[in-house]
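Visitor: my questions concern the predicted model and sequence given below.
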Amino acid sequence: MQLLAVILVCASTISPADCTRDTALDVVTQPAALPMECIKAGELVGASALDVRREDRRYVMVRCERRKSS
């Protein structure tokens, strides 16, 4: 199963349930082979590349999606 880590940066005014690709301030994706790899990749990318801090009134949410076959 091929997965895609979807890292969403959402404004703190958006509830986690409503944090989607459409409502996010920024969206980053990264391929992953296993569910645990997807979660870890998302956390690492979200923490390092996006530099999101609580005082910025934003948060990171990681979702793992199945990749569409080409």
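Guide: Perfect, thanks for sending it. Residues are numbered from 1 along each chain as shown.

Visitor: so what touches the worst-scoring helix or strand of the chain on mean pLDDT?
Guide: Ranked by mean pLDDT, DSSP states H and E, the helix or strand of the chain with the weakest confidence is helix 35-48, at a mean of 77. With C-beta atoms under 8 Å, 6 or more residues apart in numbering as the test, helix 35-48 has contacts from 3-7, 9, 28, 30, 32, 52, 60, 62-64. All C-beta atoms are positioned from the backbone trio N, CA, C, and that covers glycine.

Visitor: give me the number of residues near Ala24?
Guide: Look at Ala24: counted by other C-beta atoms under 10 Å, it has 19 neighbours.

Visitor: assign it to helix, strand or coil.
Guide: coil (DSSP: H, G, I helix; E, B strand; the rest coil).

Visitor: do you know how far it is from Met61?
Guide: From Ala24 across to Met61, the span is 8 Å (C-beta to C-beta, to the nearest Å).

Visitor: what touches both of the two?
Guide: Contacts common to Ala24 and Met61, judged by C-beta under 8 Å, 6+ apart, are 8, 10.

Visitor: with distance to Ile39 added, can I get the contacts of helix 35-48 in TSV?
Guide: Shown next, in TSV, are these (distance: C-beta to C-beta, whole Å):
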residue	distance to Ile39
Leu3	10
Leu4	12
Ala5	7
Val6	11
Ile7	11
Val9	17
Val28	14
Gln30	11
Ala32	8
Val52	17
Val60	12
Val62	6
Arg63	10
Cys64	7
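
Visitor: from those residues, which two are the most distant?
Guide: Leu3 and Val52 (22.1 Å; C-beta to C-beta).
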